[in-house]
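K.L.:
Following is a predicted model, sequence given first.
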Amino acid sequence: MKFSNNYTFYPDNKALEKAVEHYKSLASDDDAKSASADTRVAIADNFIYTRGNFEQHRYSANVFESARETLEASLTEKLRESESEQSRLELAEIHNSLGNILAALGQNLQDADLYNKSIASFNSALEILSQEDSPLDWAATQSNLGTAKQALGRQESDSKLLNSAIDAYTAALLEYTRKETPEEWSVVMFQLGATFYAYGSLLKGNRAFQKSVVAYKNALAELDADLYALELAATHNNRGGVLHHLGESEENPDRLEEAIRSYETALTICMEQQLPFHLAVICRVNKATAQNVLAELTNDVMLAEEVADEFELILECFPHALQPLCVKHCEAQLSKAQSLSSLN
């Protein structure tokens, strides 16, 4: 079946931020300064947090290319051939940082070859690290590997890559636990939710959707609005997206109502925590779209009228916060809601 559109967003990638900081520690003072995040002004960017797991925030546009060159140059033969434990850990760290930088470049350019080089870099790190001797570094690398495979799998609509990403995240959870490493555990659960969702969307699989819902629910267990507002809003919104499509697939009004509640919670968090305004608008669009599906499924003319009013309000009041394709989506949903409401 063809699912209705909904929109997901992605929290900050702490592993990518760590890779940029690693690059800065190796770069000249001038290069390091140009790579520093600019936090003096807020970014007016209606695409921020919607482009994927490796989105760059508040850095100069050429940071990733400079980082790639610096990190590749640091992979010297002397370092590769050293047998000291410190050198081996340093080499693994460089491979991890380089892998995240390459993935970010791959996402920016939609370049599968760069993603594959990223995956190879993470695998090189895993050849050095062992679960027994460096369990947390090993788990972090597995998580990085999973995220690169997930991003490439979504880009290429490759179910094998998505399944392999699930395996990598599952491996990371052998060391990341809710009790000992709650933040890392929550991040991996979030990414598992995203990967199961992509896998289910590709294969039209309700079982994968159900696993996604559970993974997102697990991620919510360690998030609170004060410390992790963006992560919490993203998890509720994205979980709503899974329930939304699961409701369509099952023709199940209860799933759609649960999706609507998840979107509503995400919207509330966005507004109360003053997250970038366009994220709140995305949640409103998602919620209204799910309500439109519910109105059609239940032949609820009154709900369709409410949905038509909501899309009219979104298009009239928030055009500055909508991407062009989202405007077209809202216009199509408005027309659909008006057609259903006219049956009254």
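P.N.:
Great, that's in hand. Since this is a predicted model, take the numbers as computed values, not measurements. Numbering: from 1, shown residues only.
K.L.:
where does this structure have its least confident helix or strand?
P.N.:
helix 29-34 (a mean of 71; mean pLDDT, DSSP states H and E).
K.L.:
Next, the buried residues of that one.
P.N.:
For helix 29-34, the neighbour count (16 or more other Cβ atoms under 10 Å) marks 31-32 as buried. (C-beta placed from N, C-alpha, C; glycine too.)
K.L.:
mean confidence score for the helix or strand just after that helix?
P.N.:
Under the assignment DSSP states H and E, the closest C-terminal helix or strand after helix 29-34 is helix 63-73. Mean pLDDT, helix 63-73: 94.
K.L.:
list the buried ones in helix 63-73?
P.N.:
So helix 63-73, judged by 16+ other Cβ under 10 Å, has buried residues 63-64, 66-68, 70-71.
K.L.:
Distance to Leu114 added to the residues you listed, as JSON lines?
P.N.:
Below are these laid out as JSON lines (distance: Cβ to Cβ, whole Å):
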{"residue": "Val63", "distance to Leu114": "15"}
{"residue": "Phe64", "distance to Leu114": "10"}
{"residue": "Ser66", "distance to Leu114": "15"}
{"residue": "Ala67", "distance to Leu114": "13"}
{"residue": "Arg68", "distance to Leu114": "9"}
{"residue": "Thr70", "distance to Leu114": "17"}
{"residue": "Leu71", "distance to Leu114": "14"}
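K.L.:
and which of the residues you listed is nearest to Glu258?
P.N.:
Phe64 (39.1 Å; Cβ to Cβ).
K.L.:
if I look at the closest one, how far off is Ala225?
P.N.:
Phe64 sits 32 Å away from Ala225, going by Cβ to Cβ, to the nearest Å.
K.L.:
Check Ser66 too.
P.N.:
From Ser66 over to Ala225 (counting by Cβ to Cβ), the distance is 36 Å.
K.L.:
likewise Asn116?
P.N.:
For Asn116 relative to Ala225 (Cβ to Cβ), the value is 38 Å.
K.L.:
what's the answer for Ala104, then?
P.N.:
Taken as Cβ to Cβ, the span from Ala104 to Ala225 is 28 Å.
K.L.:
now Trp185
P.N.:
19 Å.
K.L.:
if you count what's nearby, which of the two comes out ahead?
P.N.:
Trp185 (22 against 14; other Cβ atoms under 10 Å).
K.L.:
For that one, which non-adjacent residue is spatially closest?
P.N.:
Counting by Cβ to Cβ, 6 or more residues apart in numbering, Trp185 lies nearest to Tyr176, which is 4.5 Å off, once chain neighbours are set aside.
K.L.:
From the contact counts, what lies against the least confident helix or strand of the chain?
P.N.:
Taking 3 or more Cβ pairs under 8 Å, 6 or more residues apart in numbering; DSSP states H and E as contact, the helices and strands that helix 29-34 lies on are helix 14-26, helix 63-73.
K.L.:
Please parse this protein into its domains.
P.N.:
1-173, 223-344 (automatic domain parsing).
K.L.:
what residues does stretch 249-257 touch?
P.N.:
With Cβ atoms under 8 Å, 6 or more residues apart in numbering as the test, stretch 249-257 has contacts from 1, 3, 204, 206, 209, 243-244, 246-248, 290-291, 293-294, 297-298.
K.L.:
what residues are up against the residue nearest to Trp185?
P.N.:
If you count contacts by Cβ under 8 Å, 6+ apart, Tyr176 has them with 139, 143, 184-185, 188.
K.L.:
just Ser28 next, same as before
P.N.:
Ser28 neighbours (Cβ under 8 Å, 6+ apart): none.
K.L.:
And it, its phi and psi?
P.N.:
phi -70, psi 160 (degrees, to the nearest 10).
K.L.:
Next one, pLDDT for it please.
P.N.:
Reported pLDDT for Ser28: 79.
K.L.:
Is Glu310 within a helix or a strand, and which one?
P.N.:
Glu310 belongs to helix 301-317, assigned by DSSP H and E.
K.L.:
So what touches the next helix or strand after that helix?
P.N.:
For helix 301-317, the following helix or strand on the C-terminal side (DSSP H and E) is helix 324-341. The set of residues external to helix 324-341 that reach it, using Cβ under 8 Å, 6+ apart, is 5, 7, 282, 285, 288-289, 292, 295-296, 301, 304-305, 307-308, 311-312, 314-315, 319, 322.
K.L.:
If anything else comes up later, I'll come back, but that's it for now.
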